[in-house]
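Engineer: here are the coordinates; sequence isn't available:
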Ligand SMILES: [Mg+2]
């Protein structure tokens, strides 16, 4: 094992339970906008349909075919349409609510705080995340993560997104770290694991859920955050 000094943690789906927080926000939204009264009787069915539509729209967004605002509006507008609710104003209000409320959620994966407590005295720890400053800072603050991290590096500030080497170069410069004394801890095989490996940073792949097929070879892999303590 290398002699690590700097730990770089991804945020969404590594520490912050993105799926649980998203689901909670969705159910709050369902109540707040009284969607049952509008004929959408089964919130779980609505959520499943929304997830399919959201996923497809994200693909077109990643391909540069739609703007972020359009994505946010359309995923709700189309989901409502499936239930014969044709209401642009409602879709716009829901999308605005969603963006505002979701980062306020604070569910972390089990033993996140315990793990960070154990690591904090031994390492300099940072967050490396693809996302907007404002949104990511709200999540970090609300979920009690802030005190564990020295630097929070977002793609918005770096001017590059993971897995671009420009992002990792920026992170190393900001923290005064060398690749050989750094390790990244993240859930995404492309953005986190391959991204870090291409500039010589070791990686711990956090797989909260089983991942198939496993074609990528990280330096280490874990299924629970607390297993990191055994590695480091
Ligand atoms: Mg992630």
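Structural biologist: Right, received. Where do you want to start? On a predicted model such as this, the values are computed, not experimentally measured, just so you know.
Engineer: all strands of this protein, in order?
Structural biologist: For the chain, applying DSSP state E gives strands covering 6-9, 124-129, 151-154, 182-186, 202-206, 220-222.
Engineer: Mind putting those into JSON lines with distance to residue 70?
Structural biologist: Heads up, the C-betas are built off the backbone N, CA and C, glycines and all. Output for these, formatted as JSON lines (distance: least, Cβ to Cβ, whole Å):
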{"stretch": "strand 6-9", "distance to residue 70": "31"}
{"stretch": "strand 124-129", "distance to residue 70": "23"}
{"stretch": "strand 151-154", "distance to residue 70": "22"}
{"stretch": "strand 182-186", "distance to residue 70": "28"}
{"stretch": "strand 202-206", "distance to residue 70": "32"}
{"stretch": "strand 220-222", "distance to residue 70": "37"}
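Engineer: among these, which is the most enclosed?
Structural biologist: strand 182-186 (a mean of 26; mean count of other Cβ atoms under 10 Å).
Engineer: Which positions within the helix ranked longest in the chain qualify as buried?
Structural biologist: Longest helix in the chain, counting residues (DSSP state H): helix 43-62. Going by neighbour count (16 or more other Cβ atoms under 10 Å), the buried part of helix 43-62 is 43, 46, 49, 50, 51, 53, 54, 57, 61.
Engineer: Surely the first one and residue 30 touch.
Structural biologist: To tie it back to what came earlier, the one meant is residue 43. Yes: using Cβ atoms under 8 Å, residue 43 makes contact with residue 30 at a distance of 4.7 Å.
Engineer: what touches both of these two?
Structural biologist: Residues touching both residue 43 and residue 30 by Cβ atoms under 8 Å, 6 or more residues apart in numbering: residue 36.
Engineer: quick one: residue 124 and residue 8 touch, right?
Structural biologist: No: the criterion here is Cβ under 8 Å, and residue 124 misses it with residue 8 at 9.8 Å.
Engineer: quick one: common contacting residues for these two?
Structural biologist: residue 175.
Engineer: What's the local residue count around the closest residue to residue 80 other than its chain neighbours?
Structural biologist: Leaving aside its sequence neighbours, residue 80 sits nearest to residue 91 (Cβ to Cβ, 6 or more residues apart in numbering; 5.9 Å). Per other Cβ atoms under 10 Å, the neighbour tally for residue 91 reads 21.
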